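S.K.: sequence and predicted structure are below.
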Amino acid sequence: MAKNITNPEKDYAKWYQDVIREAELADSAPVRGCMVIRPYGYSIWENIQASLDASFKKTGHKNAYFPLFIPESFIKREAEHVEGFAPELAIVTQAGGKKLEEPLVVRPTSETIINHMFSKWINSYRDLPMLLNQWANVVRWEMRPRAFLRTTEFLWQEGHTAHADEKDAREETLRMLNVYTDFARNVAAIPVIPGRKTEREKFAGAVDSYTIEAMMGNGWALQSGTSHYLGTNFARVFETMYLDSNNEQQFVHQTSWGVSTRLVGAVIMAHGDENGLRLPPKLAPVQVVIVPIARDDSARAEVMAVVERISDVLEKEGVRVEVDNREGMSPGFKFNYWEVRGVPLRLEIGPRDLKEGHVMASQRNRPGRDSKFTISLDSIVDSIPGILERIQSEMLEEAIQKRNSRTYTVENLDDFREAIVSKPGFYDVWWDGSTEDETRLQQETKATVRCIPLEQREGTGKCFMTGRETNTRVIIARAY
RNA sequence: CGGGGCGUGGCGCAGUUCGGUAGCGCACCUGCUUUGGGAGCAGGGGGUCGCCGGUUCAAAUCCGGCCGCCCCGACCA
């Protein structure tokens, strides 16, 4: 069907790379694992940022910026933190033509340097809670990079907050997880499963880690955002303390939470199809593309007059609209061009349409002939916002159905071993395993416990691995 | 780091077995004709064949060394 894009059924990894190339989202950089985010891809990220940033502000957070370089000794203070990050650090040992007294770590995350500053800024319970966020780049020297999903350098936001007590910090942790869940669902049209990470999967240095897990087109899971309750782990080693109302020194309780450019990868894989990208209107850099069709100059003048009028009004209504009036390209070429790029709605306007008083419209999210319908010229401007909303909700609905149809259960490990290969997806199972059981599970099946969903069902059952009676269900899947 | 594959115009590849001085498709540029699902014709530009060394009258091709990239695994937002 689509030229230059591998069928996802045939080779999903290749399809993913093809879509990124053909939609001009990103290109690989000269340094291994690094990626150039091209304007179209960056524009999706900007829309993600705008939406989340507004939510962060609404929940009382302020943006700040902390430095890229962190003294190596900072990273080493929190034992689990070092252990977790040491293998993937990029470290500067020389600068300004001299060997540095103390090596500088290029931040893999900013808990340590932020705690260093928090310890200076926080003195009293009146300074709490401290609610900060930063939009930044971080570097993690990963062994196996993949565009957007795991690049050596990536863009993200990291929220860092300090609270007087555990209760307040835990509420914040779940509040931000909830912000992510809402964003994924209502903006990215991805029905994620919010849950808690197991001991084995949690963030290095956290007491508890929470995650939103999304299902990709091949049935694999993608951790699409995290929120951590850090307890007093960092506060203790950085002496981030405050004086409470009884004049006693207390450690702050902290949280950190983040989402990254990985979300762009999530959008590609949650919605993309054999013709390329499909973007939910709320994230689409171009929501409506208008393709004028004209045989000769006089027809072109007539068509363009109408096209310009429609696009002007739509723009005023806040719709992101683009007119593709490039010459020397056939309409068919342009249709494909914008379909690969996932533009949610296309309008085709030619002499024939003007004569009949309507325009041809095509919804990217619907397959084949079902995608086309006409809109009368009189009602076009009024109806577009509603159509975009319809596309947004249809895409969410389709994603929910896809996820549900690929969510299974199993009773024992033997059945699972076979099922995860023949029917990749989410496995919603009873679980009472240990960290060792998880390791064995991964070794034998390549699948991991993605999360313990916040929403648990009533009753008990036998753990599919150990056979012990339990009231806990988890989601197990193969993951990126 | 282990296993597999690959380095030849921007992209995808052929040519390497058996040495003879680089070709195809797409993309790009110009002109004309086209335009309702990836247009046609004609002309044109662009490559130190990953790098270093060796063999030879002659190396993309043979020999030695090095480097890089991709895919699969361990690690991860």
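M.R.: Nice, I can see it. Numbers count the residues shown, from 1 in each chain, chains lettered A, B, ... in the order given.
S.K.: could you count how many residues lie near the residue of the stretch 351-480 of chain A found nearest RNA strand B?
M.R.: Relative to RNA strand B, the nearest point of the stretch 351-480 of chain A is A:Arg352 (2.9 Å; C-beta to the nearest atom of the strand). To be clear about C-beta, it is placed using only N, CA and C from the backbone, and glycine gets the same treatment. A:Arg352 is flanked by 12 other residues according to other C-beta atoms under 10 Å.
S.K.: okay, buried residues for the helix or strand harbouring it please.
M.R.: Using DSSP states H and E, A:Arg352 sits in helix A:351-356. Applying a neighbour-count criterion of 16 or more other C-beta atoms under 10 Å, one finds A:351, A:353-354 buried in helix A:351-356.
S.K.: sorry, back to before: gap between the residue of the stretch 351-480 of chain A closest to RNA strand B and A:Arg295?
M.R.: A:Arg352 sits 10 Å away from A:Arg295, taking C-beta to C-beta, to the nearest Å as the criterion.
S.K.: packing partners of the lowest-mean-pLDDT helix or strand in chain A?
M.R.: The helix or strand of chain A with the poorest confidence is strand A:26-28; it has a mean of 83 (mean pLDDT, DSSP states H and E). Applying 3 or more C-beta pairs under 8 Å, 6 or more residues apart in numbering; DSSP states H and E, one finds that strand A:26-28 makes contact with strand A:35-37.
S.K.: pairing partners for the strand it packs on, with directions?
M.R.: Its sheet considered, strand A:35-37 pairs with strand A:26-28 (antiparallel) by DSSP bridges.
S.K.: quick check: domain ranges of chain A?
M.R.: With domains defined by automatic domain parsing, chain A comprises A:12-271, A:288-386, A:415-477.
S.K.: now do the helices in the stretch 101-250 of chain A.
M.R.: A:111-121, A:166-186, A:233-238 (DSSP state H, counting those that start in this stretch).
S.K.: about what we covered before: could you dump the buried residues of helix A:351-356 to JSON lines with pLDDT and distance to A:Asn336?
M.R.: Converted to JSON lines, those look like this (pLDDT from 0 to 100; distance: C-beta to C-beta, whole Å):
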{"residue": "A:Pro351", "pLDDT": "94", "distance to A:Asn336": "22"}
{"residue": "A:Asp353", "pLDDT": "95", "distance to A:Asn336": "20"}
{"residue": "A:Leu354", "pLDDT": "95", "distance to A:Asn336": "24"}
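S.K.: what residues sit buried inside stretch A:412-420?
M.R.: A:413, A:416, A:419-420.
S.K.: and those residues as CSV, adding pLDDT and secondary structure?
M.R.: Putting these into CSV (pLDDT from 0 to 100; DSSP: H, G, I helix; E, B strand; the rest coil) gives the following:
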residue, pLDDT, secondary structure
A:Leu413, 92, helix
A:Phe416, 93, helix
A:Ala419, 91, helix
A:Ile420, 90, helix
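S.K.: need the residues you listed in TSV with distance to RNA strand B, can you?
M.R.: Formatted as TSV, these follow (distance: C-beta to the nearest atom of the strand, whole Å):
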residue	distance to RNA strand B
A:Leu413	16
A:Phe416	15
A:Ala419	17
A:Ile420	12
